[in-house]
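# sharing a sequence plus its predicted fold:
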Amino acid sequence: MSDPRNHVLLVRGAGDLASGVAMRLHRADFDVVMTELPKPLMVRRTVCFGEAVWEGTVTVEDITAVRAADVTAAY
């Protein structure tokens, strides 16, 4: 059986709840890719990786997210 940490996990959305899930997965040594709408509808922007859609990069609790233009740039 293969180690599940050898796979990339997709998290749909990058709001506060999805960002929390992605942070926990990242800290458990999983590779994570997140998706977000072109114009995110986030409320708590300071704790959302979706802020990278606007800013290009965002750091939440020492984890940095970077906006990728397409799938090939994401990984």
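All right, it came through fine. Residues are numbered from 1 along each chain as shown.
# can you pull the contacts of the most centrally placed residue in the chain?
Nearest residue to the geometric centre of the chain (CA atoms, centre = their mean): Met34, 4.0 Å. Residues in contact with Met34 (CB atoms under 8 Å, 6 or more residues apart in numbering) are 10-14, 18-19, 22, 49-50, 65. The way it works is simple: take the backbone N, C-alpha and C, and place the C-beta from them, glycine included.
# buried ones in the helix or strand containing it, by neighbour count?
Assessed by DSSP states H and E, Met34 sits inside strand 31-35. Across strand 31-35, burial judged by 16 or more other CB atoms under 10 Å covers 32, 34.
# so how far is the longest helix anywhere in the chain off the chain centroid?
As assigned by DSSP state H, the longest helix anywhere in the chain is helix 16-27. Distance of helix 16-27 from the chain centroid (CA atoms, centre = their mean, to the nearest Å) equals 7 Å.
# helices and strands around it, which ones?
strand 8-12, strand 31-35 (3 or more CB pairs under 8 Å, 6 or more residues apart in numbering; DSSP states H and E).
# tabulate these (TSV), appending mean pLDDT.
As requested, the helices and strands packed on helix 16-27 are exported to TSV (pLDDT from 0 to 100):
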stretch	mean pLDDT
strand 8-12	94
strand 31-35	94
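# switch those strands over to JSON lines; also include distance to Val71.
Converted to JSON lines, those look like this (distance: least, CB to CB, whole Å):
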{"stretch": "strand 8-12", "distance to Val71": "10"}
{"stretch": "strand 31-35", "distance to Val71": "8"}
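# mind showing which ranges of this protein have poor pLDDT?
Along the chain, segments meeting pLDDT under 70 span 1, 5.
# from Val66, how far out is Ala73?
Distance of Ala73 to Val66, computed by CB to CB, to the nearest Å: 9 Å.
# ok, back up a step: residues in contact with the longest helix of the chain?
Identification of contacts with helix 16-27 by CB under 8 Å, 6+ apart yields 9, 11-12, 14, 32, 34, 42-44, 47-50, 60-61, 63.
# tilt between it and strand 8-12?
Interaxial angle, helix 16-27 versus strand 8-12 (axes from the mean of the first three to the mean of the last three CA atoms, to 10 degrees): 170 degrees.
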